[in-house]
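The following comprises the amino acid sequence and a computationally predicted model.
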Amino acid sequence: VIGSRGDLNPFLALGEQLRERGYCVHIATHRAFRRVVIGHAFEYSPLAGDPRELMRQMSQFEYVPTPLYLYRNISEHRATVA
């Protein structure tokens with residue numbers, strides 16, 4: 001999960017439902033959210049990047065860029081997500 005805590009929340013809810021159905025849940029997200037993921041008793045893997053910096057950069061857009069836009073322009077955003 002890349003983004004803010006609000007972006008993480010739906011995946012936490014989904015993870016809860018999957019665990020109730022017998023699945024092992026593993027979430028990869030920013031280090032800033034490690035305690036949240038572990039607090040839900042999910043497996044955790046770190047993703048590079050700072051969610052605050054990502055949000056700062058995203059706030060500079062006049063619109064919310066789509067994943068396709070970010071993919072096509074990854075070189076401009078590499079420091080944010082790498």
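Good, I have the coordinates. Since the structure is predicted, the reported quantities are computational estimates derived from the model, not experimental observations.

low pLDDT regions in the chain?
Along the chain, the parts satisfying pLDDT under 70 run over 61-65, 70, 74-82.

Okay, E43 and M58: tell me how far apart.
Relative to M58, E43 is positioned 27 Å away (C-beta to C-beta, to the nearest Å). (Glycine included, C-beta is placed from N, CA and C.)

Correction: the previous question concerned C24.
C24 is 32 Å from M58, by C-beta to C-beta.

of those two, who's got more company?
M58 (15 against 9; other C-beta atoms under 10 Å).

Could you look up the SS state of that one?
Classification of M58 using DSSP: H, G, I helix; E, B strand; the rest coil returns helix.

Same check on S45?
strand.

That one contacts H30, correct?
No - using C-beta atoms under 8 Å, S45 makes no contact with H30, being 10.8 Å away.

Compare those two and say which one has the larger neighbour count.
H30 (23 against 10).

Tell me if I'm right that the more buried one and E53 touch.
No - with contact defined as C-beta under 8 Å, H30 does not count as touching E53 (10.1 Å).

what is the closest residue to R34 other than its chain neighbours paired to in the beta sheet?
Spatial nearest neighbour of R34, chain neighbours left out: Y44 (5.6 Å); criterion: C-beta to C-beta, 6 or more residues apart in numbering. Y44 forms beta bridges with I27, as assigned by DSSP bridges.
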